[in-house]
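Student: Turn this into a structure:
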Amino acid sequence: MCQVKISFCTNFDGVINIRDEDAITGFGAKLRELRLSKGISQEYLANLAQIPPQQVGRLERGELNVTLSTISVLAKALEIPIAKFFL
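Tutor: Numbers count the residues shown, from 1 in each chain. Take a look at the predicted model:
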């Protein structure tokens with residue numbers, strides 16, 4: 001049987017924030033795989049994507065719930081289609 005860890009919380013605007021731990025850690029592992037396949041450091045990727053270097057590390061470790069905007073700038077920085085993160 002498969003168990004999925006998903007949490008929900010509602011913010012002050014009534015928006016429900018969903019946190020799927022498996023998806024978050026899976027994205028982080030894929031980001032690391034793609035970054036290493038390009039032979040670049042976390043800091044270099046952060047500079048290319050114009051995001052804080054600590055954010056790349058936190059994403060790769062599954063500590064952050066990535067946004068679509070961040071996925072987009074990372075894909076551009078890695079020169080890959082966004083879909084590669086999900087294949």
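
Student: Quickly find the element holding E33.
Tutor: helix 21-37 (DSSP states H and E).

Student: who's in contact with that helix?
Tutor: Applying Cβ atoms under 8 Å, 6 or more residues apart in numbering, the contact partners of helix 21-37 are 4-7, 42, 45, 56, 59-62, 64-66, 71, 74, 78, 80, 84-86. Glycine gets a C-beta too; all of them are placed from N, C-alpha and C.

Student: Narrow those residues to those in helices?
Tutor: 42, 45, 56, 59-60, 71, 74, 78 (DSSP state H).

Student: In these, find the pair that's most separated.
Tutor: Q42 and I71 (16.1 Å; Cβ to Cβ).

Student: Report the buried members of the contacts of helix 21-37.
Tutor: By neighbour count, with 16 or more other Cβ atoms under 10 Å, the contacts of helix 21-37 hold 42, 45, 56, 59-60, 62, 64, 66, 71, 74, 78, 85 as buried.

Student: quick one: least confident helix or strand in this structure?
Tutor: Least confident helix or strand of the chain, by mean pLDDT, DSSP states H and E, is strand 6-10 with a mean of 62.

Student: can you give me the mean pLDDT across the helix holding E33?
Tutor: Averaged over helix 21-37, pLDDT sits at 96.
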